[in-house]
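Asker: my questions are about this predicted structure, shown below with the sequence.
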Amino acid sequence: MSEFLGKSRVEEADLDKYYPSLRKYFPMLAKFYTENQRMRIILPLDYDTAEKFKNAVAKKYGKVTPVTVHDAALDAIKSWIS
């Protein structure tokens, strides 16, 4: 999609301009197109650090799920940046 639009960052407004009904009828496809070029971080953790991280996530969010791990990682990144 970004190659088609000639842009490195595709926003929802771009999709609406070229494919007006895409977000309405295919929301997951629209999400793929807007998030496809975003940065991804893969971080292998040693076992002790992983256990400490899971315990901290469970303490703050109540349980460890992909959503809570994502939220915890974003919180950590935002606090580290600021």
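Answerer: Good, I have the coordinates. Numbers count the residues shown, from 1 in each chain.
Asker: any weak-confidence spans in the protein?
Answerer: 1-5 (pLDDT under 70).
Asker: next up, the contacts around the spatially most distant residue from the centre of it.
Answerer: Ranked by distance from the centre of the chain (C-alpha atoms, centre = their mean), the top residue is Asp48, with 25.3 Å. With contact set as C-beta atoms under 8 Å, 6 or more residues apart in numbering, Asp48 has no partners. Yep, even glycine has a C-beta here, placed from its N, CA and C like the rest.
Asker: give me the element it is part of.
Answerer: Using DSSP states H and E, Asp48 sits in helix 47-61.
Asker: show me what counts as buried in the helix or strand that that helix is followed by.
Answerer: As assigned by DSSP H and E, the chain's next helix or strand after helix 47-61 is helix 66-81. In terms of neighbour count (16 or more other C-beta atoms under 10 Å), helix 66-81 has its buried residues at Thr68, Ala72.
Asker: by how many degrees do helix 66-81 and helix 47-61 diverge?
Answerer: Interaxial angle, helix 66-81 versus helix 47-61 (axes from the mean of the first three to the mean of the last three C-alpha atoms, to 10 degrees): 100 degrees.
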